[in-house]
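>>> here is my input, please return the structure:
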Amino acid sequence: MKGYITDPAAPGGLRLADDLPEPKPAANELLVEVRAYSINRGELFLLKMRPDGWRPGQDLAGVVVRGAADGSGPAAGIRVVGVVDWECWAERVAVPSHLAVPLADHVSFEEAASLPVAGITAVRAVRIGESLLGRRILVTGATGGVGQFAMQLAAAGGANVTGLVVGPEREAEARAYGAHHVVTSLDDDSLGTFDLILDGIGGQVLTDAVHRLNPGGTAVTYGTLGGPAPLGLLDFPRGPSCKLVPLFHGYPEETRGEDLAVLVGLVAGGQVKPLLGLVRDWKDTLEVLDALRERRVRGKAVLTRSGADA
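Sure thing, here's the model as predicted:
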């Protein structure tokens, strides 16, 4: 079987192998033929950290080749989107049945593959804000993988959404994906304050954002692109206690499939539209990784297995 594997001797430390063992699904796992997968920014760090021989990949969409032996989950022949801990940058992968969600026929494999990690993160981040109707929300990294979903979900919940982007060239895209206001800096005092901050950057951006938090407000952080945030007590507004909530997309594990299903339903219904910044054949994975490292991708980067039957 073909699939990507880490190899320090290969260009970029990754190579497409053609001799990988076939997956051996457990009783509660499906065997899925991968038609598309997306790359998450966190995987850039994992590729550096994992030893020789590690197989990357979390987000996938494809077709069930063989259903779970215990009868759980979608049956053979069903189009699905799924999330795994690793090994889906390959022709086939075993997917726990509770982490595989059936797809409507009009949702493409490319759209579906963009959803799992970024989409689950966005769903969970927005939920932390509880009622969104009429609330002012700031989303940093607004046209990034998580940001584009977070803006759409917040806007759908009735929030007034401000998106922070890296430059004016991204303003139109941010507005198209749910932002009512778009800014390139948090230095403007006319911005006012926010009830909820959804931060995918970290570093100084998170600190500056917290300075604009309403008393009693909540900041949710799920990204580290900007490095550690220099935050202390006096960075928070005085008054009712604020909350700073770190969010790790994989926890709680047992409800990841349910959260993914919510997002899949919204995409199928037209309420959420994935921003696909780059779609390439899976043989171009190394080039796409470089594009992500150089921050040349808006939204999600998706790789397709063009050799698979449609």
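
>>> contacts and neighbour counts: CA atoms only from here.
Fine.

>>> quick check: domain ranges of this protein?
Listed domain ranges for the chain are 3-115+274-304, 118-246 (source: automatic domain parsing).

>>> what's the closest of these to Val264?
Distance to Val264, taken as CA to CA, is lowest for domain 3-115+274-304 among the domains of the chain, at 7.2 Å.

>>> what's the span of that closest one, first residue to last?
Between the opening and closing residues of domain 3-115+274-304 there is a gap of 13 Å (CA to CA, to the nearest Å).

>>> so for it, mean pLDDT?
What domain 3-115+274-304 shows for mean pLDDT is 95.

>>> which helices and strands sit right next to the helix or strand harbouring Ala155?
With secondary structure defined by DSSP states H and E, Ala155 is part of helix 147-156. Other elements packing on helix 147-156 under the criterion 3 or more CA pairs under 8 Å, 6 or more residues apart in numbering; DSSP states H and E are helix 116-128, strand 136-140, strand 160-164.

>>> winner for burial among these?
The highest mean neighbour count among the helices and strands packed on helix 147-156, using mean count of other CA atoms under 10 Å, belongs to strand 136-140: a mean of 27.

>>> helices and strands around that one, which ones?
For strand 136-140, the elements it packs on are helix 147-156, strand 160-164, strand 194-199, judged by 3+ CA pairs under 8 Å, 6+ apart.

>>> closest to Ala291 out of those?
The closest of the helices and strands packed on strand 136-140 to Ala291 is helix 147-156. By CA to CA, the value is 18.1 Å.

>>> using CSV, list the CA coordinates for the closest one.
These are the backbone C-alpha positions of helix 147-156, laid out as CSV (Å, rounded to 0.1, in the frame of the first residue of the first chain):
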residue,chain,number,x,y,z
GLY,A,147,-11.0,30.9,11.8
GLN,A,148,-13.1,30.6,8.7
PHE,A,149,-15.3,28.0,10.4
ALA,A,150,-15.5,29.9,13.6
MET,A,151,-16.6,33.1,11.9
GLN,A,152,-19.4,31.3,10.0
LEU,A,153,-20.6,29.5,13.1
ALA,A,154,-20.6,32.6,15.2
ALA,A,155,-22.4,34.6,12.6
ALA,A,156,-25.0,31.9,12.2
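
>>> what sits against the residue lying farthest from the centre of the chain?
Seen from the C-alpha centroid of the chain, the residue lying at the greatest distance (CA atoms, centre = their mean) is Gly239, 33.8 Å away. By CA atoms under 8 Å, 6 or more residues apart in numbering, the residues touching Gly239 are Pro215, Gly216.

>>> that one falls within a helix, correct?
No - the assignment for Gly239 by DSSP: H, G, I helix; E, B strand; the rest coil gives coil, which leaves it out of any helix.

>>> for the residue nearest the centre of the chain, give me its contacts.
The structure's the chain has its C-alpha centroid closest to Ala118; by CA atoms, centre = their mean the separation is 1.2 Å. When contacts are counted by CA under 8 Å, 6+ apart, Ala118 is found next to Asn40, Gly145, Val146, Phe149, His249.

>>> which of those residues lies closest to Val107?
Using CA to CA, the shortest approach to Val107 within the contacts of Ala118 belongs to Phe149, at 16.0 Å.

>>> could you pull out the helices for the stretch 151-300 of the chain?
Chain-ordered helices for the stretch 151-300 of the chain, with DSSP state H, counting those that start in this stretch as the definition, fall at 171-176, 203-210, 256-268, 285-293.
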